[in-house]
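> no FASTA, just this:
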């Protein structure tokens, strides 16, 4: 079989995308194919006595719309008041959020809730706020909640029990976007979280012996944070970065996931906000790859899996250009039958991925007692390629920002949509 250069490139890319698509399908289905493994990471139903104390650091900026509900939600966590602390870290120039935070803390009258004002910090980003909060934290376990988070009421009891039983230093709990039908991209956005925390994170932890932590609902012993000097203040994905450094420092990490115990969040409120968020994530992954700490991981599989997880967001760039190129090559040029068949395999896998997301969306609505509208499968199919286009644009934009060293923090706007039941019709 003789292939010209164009066909050879097409064949090579097809094989690469087939492998990537197969891995994607495997991790998306892992939770259903390996129920015993997933069961080991379920939240305990019986809780041990309170041994650990918790400090929740909440870095906020221009969050006057949501901060009151978030403080109330974190303060309502079922745990002795003397063993929990909330630090709202806000920059000095954010007058409205400071005012709102002080108002609700005064109303609640809880001396364990403090508004910590950060003065003249540059650049303006989350890891600087986290490190500032860490300096003021007095408790044993540090956890991070984002400005719009709605944590599970027994999450501290769960983590306290897991840390005692499993002798671990870090616990990652689940996070779930909830407003599944607010915007055209919402179903696919919430499926990313649902399938990742329920299935993907478990797959890569089991088979890659490595875990990339999320940006919130992660619980870390303060002694380990002090040991590694906190978060990297130059990294846009300080969560993934600190996961690698904690592993290198010998911290034992455990994932717990239960649909009922997830921290509830909302999707970005616009395409622009979504792109800014994904650009920040992707650029942070590039920073971690360039930094090279992941190369110090002891096992080869850890290095390979970590590289794959950090590089995976850029693969849609390749697939997006592959589609027109592949169609042009197979339709215009005379292509050997075997080659033509192979070049279409990524499309079949893509169809399977879309089907899994539709089924996953049905599972999500059933789990959280939401309506599964008849049009949702159509919406997923119709929005899939526009959604991929957003991912591609975000990946390309992050690459440009990385190359020109533009490291400003692009904030995601929060509107409390996940707390408004009128926008999420329940059965």
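It's in. Model, not experiment: these values are computed from the prediction.

> mind listing what the nearest residue to residue 182 once chain neighbours are set aside touches?
Distances taken as C-beta to C-beta, 6 or more residues apart in numbering place residue 417 nearest to residue 182, at 5.5 Å, with adjacent residues excluded. (Glycine included, C-beta is placed from N, CA and C.) Residue 417 is in contact with 179, 182, 266-267, 269, 423, counting by C-beta atoms under 8 Å, 6 or more residues apart in numbering.

> and the nearest residue to residue 249 once chain neighbours are set aside, backbone torsions?
Using C-beta to C-beta, 6+ apart and skipping residues adjacent in sequence, the residue nearest residue 249 is residue 228, 5.2 Å away. Backbone dihedrals for residue 228, given as degrees, to the nearest 10, come out at phi -100, psi 10.

> If I look at residue 228, what pLDDT would I see?
Per-residue confidence at residue 228 stands at 97 (pLDDT).

> okay, now it: neighbour count?
Residue 228 is flanked by 15 other residues according to other C-beta atoms under 10 Å.

> In the protein, where is pLDDT below threshold?
Residues of the chain that meet the criterion pLDDT under 70 lie in 1-3, 330, 333, 415, 420-427.

> what are the ranges of the strands in it?
Ranges of strands in the chain, per DSSP state E, are 54-60, 84-91, 113-118, 141-144, 170-172, 175-177, 218-221, 253-255, 263-265.

> Out of those, flag the one nearest residue 135.
For residue 135, the closest of the strands of the chain is strand 113-118, at 9.0 Å, according to C-beta to C-beta.

> Measure how that closest one sits relative to strand 84-91, angle-wise.
Between the axes of strand 113-118 and strand 84-91, defined by axes from the mean of the first three to the mean of the last three C-alpha atoms, to 10 degrees, the angle is 30 degrees.

> Which elements pack onto strand 113-118?
For strand 113-118, the packing partners by 3 or more C-beta pairs under 8 Å, 6 or more residues apart in numbering; DSSP states H and E come out as strand 84-91, helix 95-108, helix 126-136.

> Give me whichever of those is most buried.
Greatest average neighbour count among these goes to strand 84-91 (a mean of 24), per mean count of other C-beta atoms under 10 Å.

> Need the contact partners of that strand.
Outside strand 84-91, the residues touching it (C-beta under 8 Å, 6+ apart) are 53-61, 67, 71, 74-75, 77, 97-98, 101, 105, 112-119, 121, 124, 129-130, 132-133, 136-139, 156.

> So for residue 41, which of the helices and strands packed on strand 113-118 sits nearest?
Nearest to residue 41 among these is strand 84-91 (24.1 Å), distances taken as C-beta to C-beta.

> For that closest one, which strands pair with it and how are they oriented?
strand 54-60 (parallel), strand 113-118 (parallel) (DSSP bridges).

> With residue 236 as the reference, name the closest of the ones you listed.
Per C-beta to C-beta, nearest to residue 236 of the strands paired with strand 84-91: strand 54-60, 13.7 Å.

> Save the strands of the chain as a markdown table, and put in distance to residue 369 too.
Putting the strands of the chain into a markdown table (distance: least, C-beta to C-beta, whole Å) gives the following:
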| stretch | distance to residue 369 |
| --- | --- |
| strand 54-60 | 27 |
| strand 84-91 | 29 |
| strand 113-118 | 31 |
| strand 141-144 | 27 |
| strand 170-172 | 25 |
| strand 175-177 | 14 |
| strand 218-221 | 27 |
| strand 253-255 | 25 |
| strand 263-265 | 13 |
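
> Which among those strands is found nearest to residue 379?
Nearest of those (C-beta to C-beta): strand 175-177, 15.6 Å.

> how much space is there between residue 309 and residue 15?
For residue 309, the distance to residue 15 equals 21 Å [C-beta to C-beta, to the nearest Å].

> neighbour count winner among those two?
residue 309 (20 against 14).

> which residues does the spatially most central residue of the chain contact?
Residue closest to the average C-alpha location in the chain (C-alpha atoms, centre = their mean): residue 214, at 5.0 Å. Counting by C-beta under 8 Å, 6+ apart, residue 214 touches 172, 175, 197, 239.
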